[in-house]
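Novice: A structural model of the following input is requested.
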Amino acid sequence: MIKSKTFTKVGYYSIKDLENLTGIKAHTIRMWEQRYDIIKPSRTDTNIRLYEADQLKLMLNIALLNNHGFKISKIANMSRDEVYEKVRETISKATNYEDQINALTVAMIDLDEDSFEKIIATNILQYGFEKVMIHIIYPFLIRIGALWTTDAINPAQEHFITNLIRQKLIVAIDGQFEPNRTNPKKFILYLPEGELHEISLLFNYYLIKSRGNKVIYLGQSLPLRDLYEVNQVHKADFIMSIITSTPGAEDIQTYVDLLGQKFPHTTILLSGYQVVGQDLKVAKNVHIINQIQDMIAILDDLKAGVNPFE
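Specialist: Purely as a prediction, here's the structure:
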């Protein structure tokens, strides 16, 4: 990763956080500490290791070099400036997604918008927007998602990165032309009341629109009665929602049942943490989308005139 221009200490990270973010196993990190003295964690009163943000960034850079064939013994003999210089050289030639995910992680830790913009713009030019979202942004969000719930990443960092990604999605959506298909499908997209996690829904908006379909985007926290009223007017072919946190585990089955009952003549597409892999009972018109590739396959079938559910 590129060395940050400024450094603001925003908190501490556990060895498990380092493992999740760098891909280096905890026992390997401990071994490298003891054998090569690469980093020196602080300790709690109960002797638990704690790492500062600059130590996390160093480990991300070490992981990148190690993945590109640099031996840890050689890296350990480099100064930090030498590590950063080697990383700059390596990442300028790198073509794998993992390096870009690591670079985004450092940009998030530093709240470095310029680095974020450069990483995303470079990769969009190389791979295209859709591949960048699928292979870089999505894995990045998954990687850091667990850290948001444990306070290892603070709200400022979370809002910083999600708002930048949201801006990119809105620009990409606006860049899509109106449907030129002879029989485009009509989708209503919304999040349930109380649900605010919008990134996945916006990306689905992009995918749907980019394949020549019409989208009515209703956004965050929509009461079910309002969804019903909109559909009474527009009579969508599909209603889609991403349910990440709300309704929760106790209420999700009831909510899914209501969707099937209230919209019996509309195909309901659901995804998100609260529905994927939860063994829910669903009506015939309700379908769970387990991963983004499944949604792409559905859209490609529709574009080809094939019913994806037969």
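Novice: what comes into contact with stretch 177-191?
Specialist: Here stretch 177-191 makes contact (C-beta atoms under 8 Å, 6 or more residues apart in numbering) with 197-198, 201, 204-205, 208-209, 212-222, 227, 230-231, 234-243, 302-303. C-beta coordinates here come from the backbone N, C-alpha and C atoms, glycine included.
Novice: of these, buried ones?
Specialist: Buried residues within these, counting neighbours by 16 or more other C-beta atoms under 10 Å: 197-198, 201, 204-205, 208-209, 212-215, 217-218, 222, 227, 230-231, 236-243, 302.
Novice: distance of K262 from S245?
Specialist: Using C-beta to C-beta, to the nearest Å, K262 is found at 22 Å from S245.
Novice: Tell me who's in contact with I296.
Specialist: I296 neighbours (C-beta under 8 Å, 6+ apart): L207.
Novice: So it: helix, strand or coil?
Specialist: Three-state call for I296 (DSSP: H, G, I helix; E, B strand; the rest coil): helix.
Novice: Just the element for I268, please.
Specialist: strand 267-271 (DSSP states H and E).
Novice: what does that strand rub up against?
Specialist: With C-beta under 8 Å, 6+ apart, strand 267-271 has contacts from 200, 237-243, 256, 259-260, 283, 285-290, 295, 298, 309.
Novice: what about that strand, average pLDDT?
Specialist: Per-region confidence: strand 267-271 scores 97 on mean pLDDT.
Novice: Please list all residues in contact with the closest residue to T266 other than its chain neighbours.
Specialist: Of all residues not flanking T266 in the chain, I239 sits nearest, at 5.4 Å (C-beta to C-beta, 6 or more residues apart in numbering). Taking C-beta under 8 Å, 6+ apart, we find I239 in contact with F187, I188, L189, Y190, L227, N231, L259, F263, T266, T267, I268, L269.
Novice: try it again with 10 Å
Specialist: 186-190, 216, 218, 227, 230-231, 259, 262-263, 266-270, 285-286 (C-beta atoms under 10 Å, 6 or more residues apart in numbering).
Novice: do R166 as well
Specialist: E198, I199, L202 are the contacts of R166 under C-beta under 10 Å, 6+ apart.
Novice: What's the first helix or strand after whatever helix or strand it lives in?
Specialist: R166 belongs to helix 155-174 when assigned by DSSP H and E. Using DSSP H and E, the helix or strand that follows helix 155-174 in sequence is strand 186-192.
Novice: On the C-terminal side of that next one, identify the next helix or strand.
Specialist: That would be, after strand 186-192 and using DSSP H and E, helix 199-210.
Novice: could you pull out the strands for the stretch 201-310 of the chain?
Specialist: Assigned by DSSP state E, counting those that start in this stretch, the stretch 201-310 of the chain shows strands spanning 214-222, 238-242, 267-271, 286-288.
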